[in-house]
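Undergrad: no sequence for this one, just the structure:
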Ligand SMILES: Cc1cc2nc3c(=O)[nH]c(=O)nc-3n(C[C@H](O)[C@H](O)[C@H](O)COP(=O)(O)OP(=O)(O)OC[C@H]3O[C@@H](n4cnc5c(N)ncnc54)[C@H](O)[C@@H]3O)c2cc1C
């Protein structure tokens, strides 16, 4: 049972304020607002709605502003204290978080939702300057390159997702945003009559493209990429990035060099440096938890979202589901009469296909539900609008 502070309220600290952290804040507000004092620590004063970063394919750099969510506004609405700072380490023995610019922050209960870190160092020569999609500034840069695009070769590169042996197997990379991006760019260039001047390649370490999806959706994605004339290279291992191109080994062991005019990366990911520094991880940067997202050895520490070892594939929707599971569990511990079922792994993907169409794919075990067309596109746009407007909270939370 978490120990209340002198005020009689439990001190809750939430690290990270995006899909996972924001959903935790909304659930705390709904279930236990009167019993807790909440502080959220975020490295930036805004969150970025990452699913919208694929809109850089449409060559309008100003879209990035609309992808941002002002955290001070959200925190004011939810009665939460916002600390914009960088968490250096968690000290579970002392029940506090060390911050870069402030005194340590004490907690009774901690929610860890700082996501995964990009492991640039895994590929010599690779760095944020190489071109990537995952942060707002990087995506703006890609959009600017597309705005001045005159034709040539565009290569999309998926870095490996490095996990420990205890994590669920597959996927070995996060490629779905690249699939969306290339299909959107294809549609955009075609609508302008400029498609023929561009060659696209998508290179991934995965044995089959779209391991994050169920088999039906995988087949549909392969058909769309073939229809768009995208060269797909699977089973590839990038050896290095040089001024003279990208050197990679293909599945047949051949070493090849590609010289793209524009590269768009989903960088390698290897867990969380914060979790490693704090000794909270499984040895690979991912945090091991029980079915209620509670750390296996620390009952007052919950981990939700990408940072959690069970989160495969890495999805915003999953982070929101895990936040619900974790906060309901805490609410029960605080005496609230709520159901607190454990997390059941599932995956929901909603992929833009360009041309006002999208593909929805939901999998749980061997079950798969797929829906393709205008409906999923409108659903994704509506979700984006409602999510940003609600500051990470929705009238009906998943
Ligand atoms: C281009 C792109 C498109 C995507 N599209 C989709 C999609 O369509 N659907 C979907 O479900 N998922 C999508 N995803 C995946 C989804 O964005 C992630 O799974 C999700 O953001 C994970 O949420 P999170 O809260 O765990 O971590 P994050 O979103 O990474 O948030 C972590 C937060 O913690 C903060 N932080 C990190 N370290 C520290 C620190 N030391 N101190 C303080 N704060 C810190 C960060 O600033 C950030 O606010 C996409 C991802 C990308 C990159």
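TA: Everything's here; your move. Keep in mind that what you see is a predicted model, and the values were worked out from it rather than measured. Numbering: from 1, shown residues only.

Undergrad: and the residue of the stretch 201-350 of the chain nearest the ligand?
TA: Using Cβ to the nearest ligand atom, residue 305 is the residue of the stretch 201-350 of the chain that sits closest to the ligand, at 2.2 Å. Quick note: C-beta positions are derived from backbone N, CA and C, even for glycine.

Undergrad: Count the residues that sit near the residue nearest to that residue when sequence neighbours are not counted.
TA: Distances taken as Cβ to Cβ, 6 or more residues apart in numbering place residue 20 nearest to residue 305, at 2.9 Å, with adjacent residues excluded. The number of residues packed around residue 20, counting by other Cβ atoms under 10 Å, is 34.

Undergrad: and the gap between the nearest residue to residue 251 once chain neighbours are set aside and residue 365?
TA: Leaving aside its chain neighbours, residue 251 sits nearest to residue 235 (3.1 Å; criterion: Cβ to Cβ, 6+ apart). Remark: distance between residue 235 and residue 365 (Cβ to Cβ, to the nearest Å) = 26 Å.

Undergrad: neighbouring contacts of the lengthiest helix in the chain?
TA: Scanning the chain for the helix with the most residues, using DSSP state H, yields helix 316-333. The contact list for helix 316-333 (Cβ atoms under 8 Å, 6 or more residues apart in numbering) reads 1-2, 12, 18-21, 23-24, 26-28, 31-32, 50-51, 109, 111, 113, 291-294, 302, 304-306, 308, 311, 338-343, 346-348, 397-398.

Undergrad: and stretch 137-148, does that touch the ligand?
TA: No - judged by Cβ under 6 Å from any ligand atom, stretch 137-148 makes no contact with the ligand; its nearest approach is 7.1 Å.

Undergrad: Report the buried residues of that stretch.
TA: 138, 139, 140, 141, 142, 143, 145, 146 (16 or more other Cβ atoms under 10 Å).

Undergrad: Output those as JSON lines; include the columns secondary structure.
TA: As requested, the buried residues of stretch 137-148 are exported to JSON lines (DSSP: H, G, I helix; E, B strand; the rest coil):
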{"residue": "138", "secondary structure": "helix"}
{"residue": "139", "secondary structure": "helix"}
{"residue": "140", "secondary structure": "helix"}
{"residue": "141", "secondary structure": "helix"}
{"residue": "142", "secondary structure": "helix"}
{"residue": "143", "secondary structure": "helix"}
{"residue": "145", "secondary structure": "helix"}
{"residue": "146", "secondary structure": "helix"}
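
Undergrad: what does the chain put close to the ligand?
TA: Checking the chain against the ligand by Cβ under 6 Å from any ligand atom, the hits are 15-21, 41-44, 47, 50-51, 53-54, 86-87, 113-115, 133-134, 177, 274, 305-307, 314-317, 319, 350.

Undergrad: If we use 5 Å, what do you get?
TA: Within the chain, the positions adjacent to the ligand are 16-20, 42-43, 50-51, 53, 86-87, 113-115, 133-134, 177, 274, 305-306, 314-317, 319 by Cβ under 5 Å from any ligand atom.

Undergrad: Mind giving me the PyMOL command for buried ones among those?
TA: Those of the residues of the chain next to the ligand that count as buried under 16+ other Cβ under 10 Å are selected in PyMOL with:
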select buried, resi 16+17+18+19+20+42+50+51+53+87+113+114+115+133+134+177+274+305+306+314+315+316+317+319
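
Undergrad: Filter the residues of the chain next to the ligand down to the ones in helices?
TA: Using DSSP H, the residues of the chain next to the ligand in helices are 19, 20, 177, 274, 316, 317, 319.
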